[in-house]
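# Okay, structure incoming, though there's no sequence with it:
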């Protein structure tokens, strides 16, 4: 297979902007606006939307309306509405608000897990096993997002064996339905992505694997393609490319949904997405979050969004052709 | 061969920032500063540097010091110092100032050539043939840069056959040593790049082929990799990612030299570049051009430029481990 030619191969796109994106915004996006945006996103062809996170409203005030949002969005059949939950309390709230899936999170790096979640990885795992049990009782699938799966900003490289070992524990001991390998701070590179993805897909062909890349160092799309080539078909991305990277002020965060879809569709992949509708949704973001968005597609338009000829084009051509006429008259 | 794993394959990097980049800046960069920057770039391992353009000083005042710059830079053996020339007058100036190569330019799109150069493509070709003859007399190789090789912002798609036909005319009728396929406004996508590159390499294996991509729609690195996979080994890029795109205000222009090198080196390719020195050179740009640069590597650092642990990390870990001790004491 030739990765550059998609030949209508199906790729599933998952939106994380309303969670991963909004969570890092200083501005609180009005609950009705959030709901309206998610309702618009539901009609674009996304496979999954990470609606919100059931975390402490003190810790992340931007998502303090998690219940209201998840309860009040329109549910489009076929779209999975997932929510991030850090613990049993969050899981209870998410189940109560009718999440379709619970997304659990811990880090593959001990330093990052301690710094971020104040627990050792073992402590996180044991806590999340209880969350998974709760989800099982409620009949909900569980996805585990492994942060720093491609490197830790404090430790550096995270061994492949470590990432696979934590994946295995969640799949075997916590019955995880899906695993997301997260490139939390944009350290993934295509060679690494191709190898880790291939090993994962070979080992767990029946587990739903998602790749979550950041474009912090400009490798986002290349990493997506490396993963596609290695057998992955499911990607997180963020509308407008919103979602910051706390370790690199000014750098891009999550890969941008409309950029990834734009590229994949041009290459012949079938993302199921109506790109125009996705771009329309992205265009609403600056008014909601109060600043410009990284999206190159919103700035530059699609590849074939053409520009008019110069207003004096006819005159330019006339003068050019006149030179030929003059020259041949001389001969 | 697996494109994701470079296995020390040699890739040649060509810097266009001092021409393509500076040309679109409002600020005139001081001649001595230009020379100092190019001298620094000469020591980074670049295969070629497009030093300047011998164009009308009225048309592009930013490069009005072309002679002084090309004459006064230090010539590092092995580096090709090329200059863009639009016509015979420019070629004479460039030859006089000791360019190693002349870079000619026309567009593969009739509308773009007329809009930009005020000539039909045929008129451009006939003019450039005279320039090529002049270069031949002076013993200098000629490169032809074909703008809009992957699409025209006014016409849309430019047929592959058109691009190949103009390449053929320059190779066969003007003895061009090299051809650069330019993605002038960021319309190239990897499927198209893989195909056109493969056809070119198959047809003219002995012609020096360069790919010149813009990152306008976020596909820059992916396009580089698609071209590498199809047999290309030579790429233009711009320090700091400078160089605008007149059709998309705010969007990225040229692919960023240090981003491309950073990615290729991580993947195991041999770019011959000392990345630290290249990043140091890019870091000098904001002071020269008076504004921030797009480079994600300058903003975020290299993949393994690590961040310190939180200052209270020892206390965090201590408290976490204490919970385990308390729990096991209870059992």
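Structure's in. What do you need? Worth saying up front: this structure is predicted, and the values here are computed from it rather than measured.

# any chance you could map the helices in the stretch 51-200 of chain A?
A:66-72, A:88-96, A:110-117, A:121-138, A:160-173, A:190-203 (DSSP state H, counting those that start in this stretch).

# right, so of these, which gets closest to chain B?
Distance to chain B, taken as C-beta to the nearest C-beta, is lowest for helix A:190-203 among the helices of the stretch 51-200 of chain A, at 4.0 Å. C-beta: built from backbone N, CA, C; applies to glycine.

# What parts of the stretch 51-200 of chain A come near chain B?
Within reach of chain B by C-beta under 8 Å from any C-beta of the partner chain, the stretch 51-200 of chain A has these residues: A:111, A:114-115, A:118-120, A:122-123, A:151, A:153-157, A:186-187, A:189-195.

# Any figure for the gap between the nearest residue to residue A:7 once chain neighbours are set aside and residue A:5?
Distances taken as C-beta to C-beta, 6 or more residues apart in numbering or on different chains place residue A:268 nearest to residue A:7, at 5.7 Å, with adjacent residues excluded. According to C-beta to C-beta, to the nearest Å, residue A:268 and residue A:5 sit 6 Å apart.

# any shared contact partners between those two?
Residues touching both residue A:268 and residue A:5 by C-beta atoms under 8 Å, 6 or more residues apart in numbering or on different chains: residue B:191.

# Give the helix, strand or coil label for residue A:304.
Secondary structure, DSSP: H, G, I helix; E, B strand; the rest coil: residue A:304 is coil.

# which strand residues sit across from the closest residue to it other than its chain neighbours in the sheet?
Spatial nearest neighbour of residue A:304, excluding adjacent residues (C-beta to C-beta, 6+ apart): residue B:156 at 5.4 Å. Beta-bridge pairing for residue B:156 (DSSP bridges): residue B:152.

# mind checking how far residue B:156 is from residue B:185?
Noted for residue B:156: a distance of 11 Å to residue B:185, by C-beta to C-beta.

# Compare neighbour counts for these two and give me the winner.
A direct count of neighbours by other C-beta atoms under 10 Å in any protein chain shown for residue B:156 and residue B:185 places residue B:185 higher, at 26 against 14.

# Contact partners for the residue nearest to that one when sequence neighbours are not counted?
Nearest residue to residue B:185 in three dimensions, chain neighbours excluded: residue B:153, at 4.6 Å (C-beta to C-beta, 6+ apart). By C-beta under 8 Å, 6+ apart, residue B:153 lies in contact with A:306-307, B:112, B:184-185, B:187, B:247.

# now, which of these sits nearest residue B:127?
Proximity of the contacts of residue B:153 to residue B:127 (C-beta to C-beta) peaks at residue B:112, which lies at 16.3 Å.

# List the contacts of the closest one.
For residue B:112, the contact set (C-beta under 8 Å, 6+ apart) comprises B:147-148, B:152-155, B:184.

# Show me which of the residues you listed are buried.
B:147-148, B:152-155, B:184 (16 or more other C-beta atoms under 10 Å in any protein chain shown).

# so can I have JSON lines of those residues showing pLDDT?
As requested, these are exported to JSON lines (pLDDT from 0 to 100):
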{"residue": "B:147", "pLDDT": "96"}
{"residue": "B:148", "pLDDT": "97"}
{"residue": "B:152", "pLDDT": "96"}
{"residue": "B:153", "pLDDT": "94"}
{"residue": "B:154", "pLDDT": "96"}
{"residue": "B:155", "pLDDT": "96"}
{"residue": "B:184", "pLDDT": "93"}
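
# related to what we said a few turns ago, taking the contacts of residue B:153 together, which two end up most distant?
Taking C-beta to C-beta, no two of the contacts of residue B:153 sit farther apart than A:306 and B:184, at 13.6 Å.

# separation between residue A:210 and residue A:23?
18 Å.

# scratch that, residue A:316 is what I was asking about
Distance from residue A:316 to residue A:23, by C-beta to C-beta: 52 Å.

# the more surrounded of the two?
Neighbour comparison, residue A:316 and residue A:23: the larger count goes to residue A:23, with 21 against 18 (by other C-beta under 10 Å).

# how about that one, what does it touch?
Counting by C-beta under 8 Å, 6+ apart, residue A:23 touches A:53, A:60, A:62-63, A:243.

# tell me the pLDDT at the most centrally placed residue in chain A?
Using C-alpha atoms, centre = their mean, the residue of chain A that lies closest to the mean C-alpha position is residue A:237, 2.0 Å off. With respect to pLDDT, residue A:237 has a value of 98.

# secondary structure class for residue A:13?
Applying three-state DSSP: residue A:13 is strand.

# Now the residue of the stretch 1-150 of chain A found nearest chain B. Nearest residue, chain neighbours left out?
Per C-beta to the nearest C-beta, residue A:4 is where the stretch 1-150 of chain A lies closest to chain B, at 4.0 Å. Take residue A:4 and drop its neighbours on the chain: the residue closest to it by C-beta to C-beta, 6+ apart is residue B:194, 4.0 Å away.

# Pretty sure the one you found sits against residue A:5.
Yes: shown here, residue B:194 and residue A:5 form a contact pair, counting by C-beta atoms under 8 Å, at 7.4 Å.

# The two - which one has more neighbours?
Set residue B:194 next to residue A:5 and count neighbours by other C-beta under 10 Å: residue B:194 wins out with 25 against 16.

# quick one: contacts for that one?
A:2, A:4-5, B:226-227, B:229-230.

# pLDDT weak spots in the stretch 101-250 of chain A?
Low-confidence segments of the stretch 101-250 of chain A (pLDDT under 70): A:244-250.

# burial of residue A:270, as a residue count?
With other C-beta under 10 Å as criterion, residue A:270 counts 15.

# looking at it, residue A:176 is touching residue A:142, isn't it?
Yes: contact criterion C-beta under 8 Å: residue A:176 and residue A:142 qualify, at 5.2 Å.

# Now list whatever residues contact both of the two.
Residues touching both residue A:176 and residue A:142 by C-beta under 8 Å, 6+ apart: A:104, A:132.

# ok, now which ones touch the residue nearest to the centre of chain A?
Counted by C-beta under 8 Å, 6+ apart, residue A:237 has contacts A:13-16, A:254-257, A:259-261.

# need the contacts of residue B:194 in a markdown table with distance to residue B:292 and secondary structure, can you?
Compiled in a markdown table, the contacts of residue B:194 are given as follows (distance: C-beta to C-beta, whole Å; DSSP: H, G, I helix; E, B strand; the rest coil):
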| residue | distance to residue B:292 | secondary structure |
| --- | --- | --- |
| A:2 | 38 | coil |
| A:4 | 33 | coil |
| A:5 | 37 | coil |
| B:226 | 29 | helix |
| B:227 | 29 | helix |
| B:229 | 33 | helix |
| B:230 | 34 | coil |
